[in-house]
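Asks: here is a sequence with its predicted model. Questions after.
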Amino acid sequence: MDEAIIQRILHLAEVEKLSQRQIARTLGINRKCVKKILGGINTGAKPIIKKTKIDDYLGLIAQWYKQYPKLLALQIYERLKSYGYTGGYGCVKRATLEYRRPKQIAYHPLTFMPGQEAQVDWFFFNHPVIGKVAGFLYVLCYSRYAWGIFYPRHCFEFFLAGHLECYRHLGGLPRSQRYDNCSSVVTKREPQIQYNAQFLDFARFYGFSIELFNPNSGNEKGRVERKIRDIRIFLETETFKDLTDLNRKFHLWLEKSNNTVHRVTGKTPKEMLPQEKLIQLPVKTYLARRIVAARVSKTALVEFETNKYTVPTSCVGKIVDVAAYVGHVEIWIDKDKVATHKRCFGNKQLIQNPLHSDQLLDRSPQFKLKRIKQMMAQMDAALAEFIEQQDDETAALSAAYQIYQLTKMTSRAMVLSAVRELNGMRCFKIKALISLLNLPSRQEPPAVWPKNQDLLNLNYEERNLTDYDPDTGNL
């Protein structure tokens, strides 16, 4: 029994002169317990406090919780067994209850001045059709105005592109921006914070301060986290065809949310947005890209994110810089751009430009037409369909070669667009493709005539072969 209860019983009996029944009724305990305690006192005997098996380990438990405050009762139990503890798990649960009980923490409400700060964070959405996409969210702390966009990746170039998208939409930016400990902002936190060098350059370009959320301080990022919670509810109740459709519906939802009265401010975020004292954007725009070094393989390919991109065969074996943008990839050698490709977000794909293989094709003319056909078919599914629908193999080789020549005369995008249109019409004629591209037809060069056209009428007398060799008729 607790020592305080024992002293209370003795006080009521000796000072207040209450009976055992009255004491039991007053304290709400069994009368026999009162009798036992008072009987022990009257006989001069002290109540015996029974020692439990865990008492000897209480100091060790306190030390463990001081070092690791989040330990579970089961983990303590397993540790005690290695020290020879023979008691039960229930006794350990009772002994550690005070350490495991959640501590109530008081938070001060965060207030912000207009244009002071924005909270920025990533969140992810896994769609059965689109796949896993990354959502970039930007929330102004004063007005609660939010904007964002979904991307197929959350790499550094998409992180910068998300900022630029929000800056364009808002027409400016606040004086500081607060982030979680993502690698795009912080590369190392211990023993000192080390920032991403290119992101520091980005912050210097736009003139904002970088602030970080403190570890295990969820109260600091309430504005962006609450908005993400609402976005997840929206995502679960909508259907999307592709990434473009997702972003369209997401922006419509954000517009509606920004026109809804906020529970704290009593105004809509859009109504408060003009009060934000945002920094004006510079005239120039920062390039949202990431530079990665790579080496050109012997087959004139550069690997980036498991995909392989072609470069001219003259680049074999050289070190190149891959400049990754949101929608395309550029490959540079020193200050010269040697290749540009549409960025592929698949896995282990080959992205080709047939013009990069000109030198290689000239070295092996016997395989030239077959190789051109293979390259054109691999470039796009529409080209493969157009070539396969030719009458025979010879016509397919000829069609592939002529399409290859057309890519030299005009852009690949125009050729692909025209081929897709013809495929939809079920027309697989090269003449139709040339006509659709509106390219000038090949004309024969004009005939060359002498000024004195009488020279065209000159005749000469043929000589007999016997004049040369009367025996054989040969020279």
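Replies: Looks like it arrived, so ask away. Model, not experiment: these values are computed from the prediction.

Asks: buried ones in stretch 379-393, by neighbour count?
Replies: 379, 380, 382, 383, 384, 386, 387, 389, 390 (16 or more other C-beta atoms under 10 Å). Any C-beta I mention is one placed from the backbone N, CA and C, and that applies to glycine too.

Asks: measure that stretch end to end?
Replies: End-to-end distance of stretch 379-393 (C-alpha to C-alpha, to the nearest Å): 19 Å.

Asks: got it, and stretch 383-400?
Replies: 8 Å.

Asks: how distant is it from the center of its chain?
Replies: 40 Å (C-alpha atoms, centre = their mean, to the nearest Å).

Asks: same question, stretch 431-439
Replies: Centre to centre, stretch against its chain (C-alpha atoms, centre = their mean), the figure for stretch 431-439 is 41 Å.

Asks: stretch 182-199 now?
Replies: On C-alpha atoms, centre = their mean, the centre of stretch 182-199 falls 18 Å from that of its chain.

Asks: buried stuff in that stretch?
Replies: 182, 184, 185, 186, 196, 199.

Asks: what about those residues, which are in helices?
Replies: Cross-referencing the buried residues of stretch 182-199 against helices under DSSP state H gives residue 199.

Asks: quick one, phi/psi of residue 330?
Replies: phi -110, psi 140 (degrees, to the nearest 10).

Asks: touching, it and residue 323? I think so.
Replies: Yes: under the criterion of C-beta atoms under 8 Å, residue 330 makes contact with residue 323 at 4.3 Å.

Asks: tell me which residues are up against stretch 270-288.
Replies: 114-115, 140, 142-145, 157-158, 160-161, 163-164, 167-168, 170-175, 202, 205-208, 258-259, 265, 325-326 (C-beta atoms under 8 Å, 6 or more residues apart in numbering).

Asks: from these, keep the buried residues only.
Replies: Using 16+ other C-beta under 10 Å, the buried members of the contacts of stretch 270-288 are 114-115, 140, 142-145, 157-158, 160-161, 163-164, 167, 170, 173-174, 202, 206, 208, 258, 325-326.

Asks: where in the stretch 301-450 of the chain is pLDDT low?
Replies: 357-367, 439-450 (pLDDT under 70).

Asks: could I get the full set of helices for it?
Replies: Secondary structure of the stretch 301-450 of the chain (DSSP state H, counting those that start in this stretch): helices located at 358-363, 368-379, 381-388, 393-409, 412-424, 430-437.

Asks: can you redo those as TSV with distance to residue 153?
Replies: Below are the helices of the stretch 301-450 of the chain laid out as TSV (distance: least, C-beta to C-beta, whole Å):
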stretch	distance to residue 153
helix 358-363	32
helix 368-379	23
helix 381-388	23
helix 393-409	29
helix 412-424	23
helix 430-437	34
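
Asks: looking at the ones you listed, which is closest to residue 347?
Replies: helix 368-379 (16.1 Å; C-beta to C-beta).

Asks: rewinding a little: which of the buried residues of stretch 379-393 sits closest to residue 403?
Replies: residue 383 (6.6 Å).

Asks: OK, contacts around the closest one?
Replies: 376, 377, 403, 416, 419.

Asks: of all the residues you listed, which two lie farthest apart?
Replies: 377 and 416 (12.9 Å).

Asks: for the residue nearest the centre of the chain, helix, strand, or coil?
Replies: Most central in the chain under C-alpha atoms, centre = their mean is residue 154, positioned 1.6 Å from the mean C-alpha point. Under DSSP: H, G, I helix; E, B strand; the rest coil, residue 154 falls in the coil class.

Asks: for the nearest residue to it once chain neighbours are set aside, pull up the helix or strand it's in.
Replies: Spatially, and ignoring its direct neighbours in sequence, residue 154 is nearest to residue 134 (3.7 Å; C-beta to C-beta, 6 or more residues apart in numbering). Assigned by DSSP states H and E, residue 134 falls within strand 131-140.
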